[in-house]
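Participant: Make a model of this:
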Amino acid sequence: MTNQEQNIIPYTSGTVSKPLTSSELKLCSLQEITIKAELLWTLKCIASNFSTVSCIDINNFFKAIFDSAVIENFSLNRTKVQYLQIVWIFICTISTKKMQEKFSM
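Facilitator: Here you go, the predicted structure:
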């Protein structure tokens with residue numbers, strides 16, 4: 001098995017309460033899953049009004065709790081959370097403007 005094949009792991013969106021069918025199973029790279037985890041934590045920070053200072057050493061905290069390849073690659077810190085928040089706001093602003101343009105006549 002090549003290095004690239006080892007970095008591909010099965011992933012499903014949502015919770016799994018039954019065996020997966022081929023249409024529900026997606027193959028994602030470890031990098032994609034790690035980025036998703038970082039984005040989800042960033043959104044949690046926004047939704048819960050967490051300070052970006054609360055993300056200092058968050059990597060070590062998650063590594064102490066979870067034993068996963070995703071956590072080993074998880075690299076979030078105060079400045080990265082700030083950057084992701086700005087990007088998220090930009091994406092939401094663009095989406096809102098597009099929706100307004102689409103529905104205003």
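Participant: max-length helix in this structure?
Facilitator: Ordering each helix of the chain by length in residues (DSSP state H) puts helix 78-103 first.
Participant: Off-centre distance for that one?
Facilitator: The offset between the C-alpha centroid of helix 78-103 and the centroid of the whole chain comes to 15 Å, using Cα atoms, centre = their mean, to the nearest Å.
Participant: So for it, what gets flagged as buried?
Facilitator: Buried residues in helix 78-103, counted by 16 or more other Cβ atoms under 10 Å: 81, 84. (Glycine included, C-beta is placed from N, CA and C.)
Participant: wait, isn't residue 50 in contact with residue 41?
Facilitator: No. Judged on Cβ atoms under 8 Å, residue 50 makes no contact with residue 41 at a distance of 9.4 Å.
Participant: Quick one: list the elements packing against the host helix or strand of residue 38.
Facilitator: Using DSSP states H and E, residue 38 sits within helix 30-47. The elements that helix 30-47 packs onto, with contact taken as 3 or more Cβ pairs under 8 Å, 6 or more residues apart in numbering; DSSP states H and E, are strand 8-11, helix 69-73, helix 78-103.
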